[in-house]
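1. Pasting the sequence and the predicted coordinates here, then a few questions.
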Amino acid sequence: MAVSVHFSAELRMLTGGIASLELDAATVRSLIRQLDERYPGIGERLTTTGMAIAIDGDIVADALFEDLPDGAEVHFLPALSGG
Amino acid sequence: MSRTHVNCVINGDEIDFLTSDGESLLNALRDEVGLTGTKEGCGTGDCGACSVLLDGALVCSCLVFAPEAEGSTIVTVEGLADGDHLNTLQQTFLEGAALQCGVCTPGFLIAAQALLDKNPDPTETEVRYALAGNLCRCTGYDKIVRSVLDAATQMRETTGA
Amino acid sequence: MSIADDPATDAPGYKWVGSRPIRPDGFDKVTGRAKFGADHYLPGMLEGHTVRSPHAHARIVSIDTSAAERVPGVKAVVTGADFPAVEGDAMARNVPHNSIARDKVLYEGHLVAAVAATSREAAKAGAEAVVVEYEVLPHVLTAAEATAEGAPLLHDDMITNGIDPAPEQPSNIYQRNILARGDLDKGFADADVVVEREFITKPVHQGYIEPQACVADTTPDGHTTLWVSSQGHFAMRDFSAQVLGWDITRVKAIAAEIGGGFGGKTVTYLEPIAIKLSAKAGRPVKMVMTRAEVLKATGPTSGSRMRVKMGARGDGKFTAAEIVLEFEAGGYPGSPVMPAAMTCLAPYDLENFSVEGFDIVVNKPRSAAYRAPGGPISSFAVESVVDMVAEELGMDPIDLRLTNAAVEGTQAPYGPKLPRIGMVETLEAVRDHPHYSAQLGPNQGRGVATGFWFNAGMNSSVVVHVNPDGTATVVTGSPDIGGSRASMALFAAEELGIDMELIRPVVADTETVGFNDVTGGSRVTHATGAAVVEACRLIVADLRARAAKTWDVDIDEVEWVDGQAQKTDGSEAPLSLKDIAGKWDRSGGPISAAFTHNARGAGPAFSTQVCDVEVDPDTGVVTVVRYTTAQDAGRAIHPSYVEGQFQGGVVQGIGWALNEEYVYGDDGRLQNASFLDYRIPVTSDMPMIDTILVEVPNPAHPYGVRGVGEVGIVPPLAAVANAVYQATGKRFTELPINPIRILEATMGE
Ligand code: FES
Ligand code: FES
């Protein structure tokens, strides 16, 4: 289950400048766990501070348990609401 | 606190209520008479949500002292329909989607009624100026103006004017 | 079936969806029966009155309520000391401390205490008898002042987030955000034309006509019933519980009709205060804001300072954009600078860009969401610069936008690839509209601008009941702010195959239906609507099963057509919904289905608008003489209310462009806290607003819905400014473009 992960400019401060990478992950939770192993601290940033996740373009808030389809493109971005 | 006894006719009914001297007609209608269709958007005469007809004249009820209503005849939004039969403006507002949240609607209906009572065949510009004292933040006014013009047309047709 | 694997059909052929029936709550709203926030009265009810800070920035030395408590009729007084202390940073203090100040007041109008009494006069007298001793502190009112060397700090523990390494000293900057991609240097090196400008906007208010209002009735065992006008009674319940330190079950919130919100009623102000007053007094308490309180203590959206630099090749292709956004958050952090950053370049396909945003606290009311929060502000700047680029290149502004337009698969500046969108369609719709080529008169000018908004999904819960007489009740928990009950009934009529008049849509209280997020983000028709569709589909499956039982056949032999169960081979007379409902108790019990979801698949929306203005050279007055807006609705469920959303957003945007602003004195006090001086557009200011409904269905919604509420307010600021430029030859980079600014710019000529 290879997925591609893309980091916003802000998150790149935590990845040492890496903008994107490929990982094997079947759920968002497992993806975040693996990222946190590589970049300690990023897990907390991704799960606690109003982040949303776009999976193949669909923005999902609270996506921790979400399944990741093979080949999915995952972007982390700030959570939003509207007026 | 001394209270003033006020007698008047509201929507065709003889009504009396007690009020204090500094109280607005708006608060008296809402708190004492229980007619909450008349709304407060500002309390300073700037929004028209509190519009009523006082002896046929369009007024902001937030600017009228309640004791001034002694002996008067008042029409509020609750008095526009005849039982379950809506008047023409109410009907065209519904059909024309002239309301979104609807909090400005009572004031617009009363102000539009006051206009059509005097001028049954207004131009778009006349409608816009007649309603310029009523604020609506939802609709952008387009559908309100159209609905008033529609009502005028329908009312002229039924009266054969 | 989940919503995601149920692609929208392009086939119209709907019976109800897309029609324009009278809305179910309409009768109540034209006869004065509808109960808004202030329209609830209870026996023994007390009136609340507030004590607010007269200072923009001060330390509260002491509060003495003893005299207030002795005022005849006063039954309860509360101050910050009546509420639990808050641990954490400025963001954690935001909701509780903005509801009622503790040690400091951060803006004029900040709530300090409140009084409940047997009459308005007594409550007012009580409030006046509360003695607050302040130590007045120097204040900062703008991003520039707040970030100046040695500026007084609002929160002395605030360390800017998003800077590496973290600063050691506190400041008034809560957060720095950055969105970036590509290579700016290369992008600008490739450019044949580069335009750079600074822009300034002022705070503006949502301007809903109904002030905040609620009634709280707290029983001696500490449970409360809250009647509240808001965009989310679940949110008001949860905020109240948070501020009070209560279990959520102790608050039951009932949604009153809401008289406008536009984002401003997604946050709490009076609710926990009224609940606490009611608890202390043992009686119901009503609190209603005055218009001055609304303007001083609620909303507004941020003022800003922005710098935009864009480059383009000779053929119009954008090569780079570099943007810095500084947004005033008000007293607590949380300006919409991030969505502003994410939206302003989203209409375009752009390789190299950087958008840096700063969330800056100032001594003004805490900002609240306002329709497409942040989008109009940053788009004013970007769309003005796009207009300048078009002029430098000698290109038509719509052609320039078409050259750069985002399409399906374009990587949005905020990260992901865009799904099917209607950006190009809105541009073409305006270009091909007769308005765009109509002749202009003297002193007139024409401007265009475009805008983007994400739209939202979020959480919705609904229940649908079929009644024994063949009618249905659709229960949602999404406050109806502009006709959504009509849309819910239309969806249900379409799915169940019965007349819309047989369907009663209701907005239930927080104990009657599952959680619903606020009515905001243009999400209700999408998310709550999709939940209604799914619940109705569960009902239809149930009805088919009951028909199959009746005929003693397999369910596969029963289909649902036009509100009837039909046997596929036609060997039985069809059973209508009413037939089946009439025998509910003999076929399996009540017919009812619930559906809850965290909705996915919100479809991004675009709007392109064209505006004609006429500028009076003597008075400087700008009149909008013609306006046309094209917006992608995905699918218009009730087209009249979709048009109404387009028109309402445009007119708010025109007010923002031409007239609305918060005006502060040197004392840090708001100078125009009334509808007389904070002047929103009135009927006679406006022309008709022509609407073009573009329908590029959202593939992730069963009926193709995109949100329609928000994006309409994004383009008008720049559309108006660009039109004023064409009329006067002067480029206005500071809002509002009022007569004074026009005359200052055009005099001396
Ligand atoms: S409430 Fe009377 S004019 Fe606004
Ligand atoms: S319909 Fe909401 S203010 Fe007019």
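-> Received it, and whenever you're ready, just let me know what you need. Ligands and ions are numbered 1, 2, ... in the order given.
2. quick one: stretch B:65-76 near ligand 1?
-> No - remark: stretch B:65-76 sits outside contact range of ligand 1, by C-beta under 6 Å from any ligand atom, the gap being at least 12.9 Å. Where C-beta positions appear, they are placed from N, C-alpha and C, glycine not excepted.
3. Can you give the distance of that stretch from its chain's centre?
-> 14 Å (C-alpha atoms, centre = their mean, to the nearest Å).
4. Alpha carbons of that stretch, in PDB - could you do that?
-> Extracted C-alpha coordinates of stretch B:65-76, given in PDB (Å, rounded to 0.1, in the frame of the first residue of the first chain):
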ATOM      1  CA  PHE B  65     -42.800  56.300  23.600                       C
ATOM      2  CA  ALA B  66     -45.400  53.700  24.500                       C
ATOM      3  CA  PRO B  67     -47.700  56.300  26.200                       C
ATOM      4  CA  GLU B  68     -47.900  58.200  22.900                       C
ATOM      5  CA  ALA B  69     -49.900  55.300  21.500                       C
ATOM      6  CA  GLU B  70     -52.900  56.300  23.700                       C
ATOM      7  CA  GLY B  71     -56.000  56.500  21.500                       C
ATOM      8  CA  SER B  72     -54.100  55.400  18.400                       C
ATOM      9  CA  THR B  73     -54.700  52.700  15.800                       C
ATOM     10  CA  ILE B  74     -51.700  50.500  15.200                       C
ATOM     11  CA  VAL B  75     -51.000  47.800  12.600                       C
ATOM     12  CA  THR B  76     -48.200  45.300  13.100                       C
END
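5. for the worst-scoring helix or strand of chain A on mean pLDDT, packing partners?
-> The helix or strand of chain A with the poorest confidence is strand A:58-61; it has a mean of 76 (mean pLDDT, DSSP states H and E). With contacts defined as 3 or more C-beta pairs under 8 Å, 6 or more residues apart in numbering or on different chains; DSSP states H and E, strand A:58-61 has these neighbours: strand A:51-55.
6. elements contacting the strand it packs on?
-> So strand A:51-55, by 3+ C-beta pairs under 8 Å, 6+ apart, packs with strand A:58-61, strand A:73-78.
7. centre of the chain versus the longest one, how much separation?
-> Relative to the mean C-alpha coordinate of its chain, strand A:73-78 is positioned 5 Å out (C-alpha atoms, centre = their mean).
8. near chain C at all, it?
-> Yes - counting by C-beta under 8 Å from any C-beta of the partner chain, chain C has neighbours in strand A:73-78: A:73, A:75-78.
9. which residues does the closest residue in space to residue B:144 that isn't next to it in sequence contact?
-> For residue B:144, ignoring the flanking residues on the chain, the nearest one in space by C-beta to C-beta, 6 or more residues apart in numbering or on different chains is residue B:98 at 4.5 Å. By C-beta atoms under 8 Å, 6 or more residues apart in numbering or on different chains, the contact list for residue B:98 reads B:92, B:105, B:108, B:139, B:143-144, B:146-147.
10. can you name the two of those residues that are farthest apart?
-> By the measure C-beta to C-beta, those have their two most distant members at B:105 and B:146, which lie 14.6 Å apart.
11. of these two, who's got more company?
-> Neighbours were counted for residue B:105 and for residue B:146 using other C-beta atoms under 10 Å in any protein chain shown; residue B:105 has more, 31 against 17.
12. what's that one in contact with, if anything?
-> Going by C-beta under 8 Å, 6+ apart, residue B:105 touches B:77, B:93, B:98-99, C:29-30.
13. Mind putting those into JSON lines with pLDDT?
-> As requested, the contacts of residue B:105 are exported to JSON lines (pLDDT from 0 to 100):
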{"residue": "B:77", "pLDDT": "98"}
{"residue": "B:93", "pLDDT": "98"}
{"residue": "B:98", "pLDDT": "98"}
{"residue": "B:99", "pLDDT": "97"}
{"residue": "C:29", "pLDDT": "97"}
{"residue": "C:30", "pLDDT": "98"}
